[in-house]
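[1] Fold the following for me, if possible:
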Amino acid sequence: MLHGDLRQDFDALVPVQGASRRSALQLMLGAGYAAAAAPVMAQQAIATPADGLSAGAVSFTVDGARVHAYRAAPQGRSGLPVVLVVSEIFGVHAYIADICRRLAHAGYLAIAPELFARQGDPGAYGEVAKLMSEIIAKVPDAQVIADLDGAVQWAGAHGGDLRKIAITGFCWGGRITWLYAEHGPVKAGVAWYGRLVGQASALTPKQPADVAPILKAPVLGLYGEKDGGIPLDTVDKMKAALGAGSPAAKASEFVVYPDAPHAFHADYRPSYRKEAAQDGWSRMLAWFKRHGVA
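    Have a look, this model is predicted:
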């Protein structure tokens, strides 16, 4: 059984049969969508040009393993604020690469590491359930955190200002955003409909509600009222935990969009809600500026 935000990813998709394997390089270059993320609305998906940007594949090493990433930044500039972009369960496909380019046009160095590569290639899967069981369920939070740390180090060596770092993530990545705001050297985070509660396991020992009182950076949570996998009572539980916590926890906020489903920002899927997506994007940029990232 899929849980929370992952269940909603499954429900929003059209199955793809006989999906062919896509290379990691193709994904890193933002070429197309992951097979399981059937782009049934791809004709309406936002396509942001790379004009004026340095954009494409990069890599760095973490604990002896090569981690690939997609990065985009204003061309020829340094001292840039940095945004870590954490993907959905589908990995770094065209949508996530486009998010990086949008952020780069806003003046950021945006980097999206492929966080599942040690377990497999999500682009090779045409079935979400199989993707979940064979890759996503085997990804340790500790590995993800270490890879994000590696992305920060790469950014600092390639034009990024490590005094100005933020993180944003979608669905699976929304959960990671909360966790990294407790761990990492970020000044702000924006979590798009990430799961807030759940059962502890050896690979995922803590959930956002567990770390909420000890956040080191304030997080803006963007959630949908009609998200069947993330009940509003879990948002209320998270708010209570934040209100009794650290200064960063108390500074965190939620916006719940009326009638918006899960994945309302995913412009290549039928769950997309333009008004909520655009409002959330504006709020995200304002949040980064408010907390000294821009």
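[2] Residue 145: which element?
    Taking DSSP states H and E as the criterion, residue 145 maps to helix 141-156.
[3] Would you mind checking the average pLDDT for that helix?
    The average pLDDT within helix 141-156 is 98.
[4] try stretch 60-67
    For stretch 60-67, mean pLDDT rounds to 95.
[5] Centre of the chain to it, how far?
    Distance, stretch centre to chain centre, for stretch 60-67: 20 Å (C-alpha atoms, centre = their mean, to the nearest Å).
[6] For residue 65, give me its contacts.
    Residues near residue 65 by C-beta atoms under 8 Å, 6 or more residues apart in numbering: residue 118. (Glycine included, C-beta is placed from N, CA and C.)
[7] One more pass at 10 Å, please.
    By C-beta atoms under 10 Å, 6 or more residues apart in numbering, the contact set of residue 65 is 117, 118, 143, 146, 147, 150.
[8] any idea which of these has the most stuff around it?
    Neighbour counts for the contacts of residue 65 (other C-beta atoms under 10 Å) peak at residue 147, which has 25 neighbours.
[9] Distance check, that residue against residue 126.
    Distance, residue 147 to residue 126, by C-beta to C-beta, to the nearest Å: 25 Å.
[10] in the protein, what spans have low per-residue confidence?
    1-31, 38-43 (pLDDT under 70).
[11] quick one, helices of it?
    In the chain, the segments counted as helices under DSSP state H are 4-11, 24-28, 94-105, 128-134, 141-156, 172-183, 208-211, 232-243, 247-251, 274-290.
[12] of all these, which gets the most neighbours per residue?
    Stretch with highest mean neighbour count among the helices of the chain: helix 172-183 (a mean of 26; mean count of other C-beta atoms under 10 Å).
[13] show me the contacts for residue 220.
    The neighbours of residue 220, taking C-beta under 10 Å, 6+ apart as the test, are 168, 177, 188-192, 251-255, 280, 283-284, 286-288, 290-291.
[14] Spatially nearest residue to the residue positioned nearest the centre of the chain (excluding sequence neighbours)?
    Centrality entry for the chain: nearest residue to the mean C-alpha point is residue 169, 2.1 Å, by C-alpha atoms, centre = their mean. Computed as C-beta to C-beta, 6 or more residues apart in numbering, the closest residue to residue 169 that is not its neighbour in sequence is residue 86, at 3.2 Å.
[15] give the contact list for the one you found.
    Contacts of residue 86 (C-beta under 10 Å, 6+ apart): 92, 96, 112-113, 115, 144, 147-148, 151, 167-177, 179-180, 189, 191-192, 194.
[16] Equivalent analysis for residue 287, please.
    Counting by C-beta under 10 Å, 6+ apart, residue 287 makes contact with 166, 168, 188, 189, 190, 218, 219, 220, 222, 253, 293, 294.
[17] Residue 188 versus the closest residue to it other than its chain neighbours, what's the distance?
    Once flanking residues are discounted, residue 287 sits nearest to residue 220: 4.6 Å by C-beta to C-beta, 6+ apart. Distance, residue 220 to residue 188, by C-beta to C-beta: 8 Å.
[18] Now for these two: what residues contact both?
    Contact criterion C-beta under 10 Å, 6+ apart; residues shared by residue 220 and residue 188: 168, 251, 252, 284, 287, 288, 290, 291.
[19] Give me the distance between the fourth one and residue 278.
    As defined by C-beta to C-beta, residue 284 lies at a distance of 11 Å from residue 278.
[20] Determine the residues that are contacts of both of those two.
    Taking C-beta under 10 Å, 6+ apart as the criterion, residue 284 and residue 278 both touch residue 265.
[21] For the residue nearest to residue 143 when sequence neighbours are not counted, give me phi and psi.
    Distance criterion C-beta to C-beta, 6+ apart; nearest residue to residue 143, sequence neighbours excluded, is residue 118 at 6.7 Å. Backbone torsions for residue 118, taken as degrees, to the nearest 10, come to phi -70, psi -30.
[22] So residue 118 is in contact with residue 138, correct?
    Yes. With contact defined as C-beta atoms under 10 Å, residue 118 and residue 138 form a contacting pair (8.8 Å).
[23] on that earlier part again, quickly list what the residue nearest to the centre of the chain is bridged to.
    With DSSP bridges as the criterion, residue 169 is bridged to residue 86, residue 191.
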